[in-house]
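S.K.: What follows is a protein structure lacking sequence information:
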């Protein structure tokens, strides 16, 4: 296991469709984060998990978004009824420890295009 | 609310020269961490350097160093002996001590001129 992986890398969907992204963290990492990055902006925090528990959700995470980490390993991010404004890069990151030394390692991202 | 501001959308530097990227932040917290992340084109984001707010000494990682001015809430990144592989988007970022979410600036795109 060499790093955080995300699947798919690219997704094109029509407005109104549902999409699901997967993130596989570094195997011993207990924390997993989702960020969204739109063009010309820095990543914005969406939500994070410690093991299977979702500990925080951003106000950016509307009702159409849901994230899970059922067994404390991989995570999925689902967007229902996609809108053009959902077009962005969705980044996943993982870390081993909380707090000061918990460096977050990022995956390559899933680029979503909603047409 | 905490904010991170990068006022230079793009910068260019000649190969082998030194460049400084600027960043300011706003927080009322005393326990926090500052970071510079590098995001090369179509590649994943990696951590370049980290600074703990309680440390007075500026962090250094090989050719990368920071100038941390806590009172001014300034956190600049200096890249010495710039190399072509340094071309990337650089994000300044903040994390409150007890939080885990990271707040990013908008980024500075760095071009390296051969």
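M.R.: That came in fine, so what should we check first? This is a predicted model, so every value here is computed, not measured.

S.K.: Quick check: residue A:75 touching residue A:66?
M.R.: No. If you go by Cβ atoms under 8 Å, residue A:75 and residue A:66 don't touch, sitting 11.0 Å apart. Just so you know, the C-beta spots here come from the backbone N, C-alpha and C atoms, and that holds for glycine as well.

S.K.: what about the two, which has more around it?
M.R.: residue A:75 (26 against 15; other Cβ atoms under 10 Å in any protein chain shown).

S.K.: so what's the more buried one up against?
M.R.: With contacts defined as Cβ atoms under 8 Å, 6 or more residues apart in numbering or on different chains, residue A:75 is in contact with A:22, A:23, A:25, A:32, A:34, A:49, A:67, A:68, A:69, A:92.

S.K.: quick one: residue B:60 from chain A, how far?
M.R.: 17 Å (Cβ to the nearest Cβ, to the nearest Å).

S.K.: Now for that residue: which residues touch it?
M.R.: B:49, B:66.

S.K.: how about 10 Å then?
M.R.: For residue B:60, the contact set (Cβ atoms under 10 Å, 6 or more residues apart in numbering or on different chains) comprises B:49, B:66, B:78, B:80.

S.K.: center of the chain, which residue is that?
M.R.: Looking at chain A here, since you left the chain open. Closest residue to the average C-alpha location of chain A: residue A:34 at 3.2 Å, with Cα atoms, centre = their mean.

S.K.: my bad, the chain I had in mind was chain B
M.R.: residue B:36 (3.1 Å).

S.K.: quick one on the thing from earlier: can you add pLDDT, distance to chain A and neighbour count and give the contacts of residue B:60 back as CSV?
M.R.: Supplementary listing: these in CSV, determined by pLDDT from 0 to 100; distance: Cβ to the nearest Cβ, whole Å; neighbours: other Cβ atoms under 10 Å in any protein chain shown:
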residue, pLDDT, distance to chain A, neighbour count
B:49, 96, 11, 20
B:66, 98, 16, 25
B:78, 98, 20, 16
B:80, 98, 23, 14
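
S.K.: Looking at residue 23 now. What's its pLDDT?
M.R.: Using chain A here. Predicted confidence (pLDDT) for residue A:23: 98.

S.K.: sorry, should have said chain B
M.R.: 98.

S.K.: What of residue A:62?
M.R.: 89.

S.K.: Quick check, it in contact with residue A:47.
M.R.: No. The criterion here is Cβ atoms under 10 Å, and residue A:62 misses it with residue A:47 at 11.7 Å.

S.K.: Centre of the chain to stretch B:30-50, how far?
M.R.: 7 Å (Cα atoms, centre = their mean, to the nearest Å).

S.K.: likewise stretch B:100-107?
M.R.: That offset, for stretch B:100-107, works out to 11 Å (Cα atoms, centre = their mean).

S.K.: what about that stretch and chain A, touching?
M.R.: Yes. Residues of stretch B:100-107 are located near chain A by Cβ under 10 Å from any Cβ of the partner chain, namely B:100, B:101, B:102, B:103, B:104, B:105, B:106, B:107.

S.K.: Okay, and residue A:32 sits in which element?
M.R.: strand A:31-37 (DSSP states H and E).
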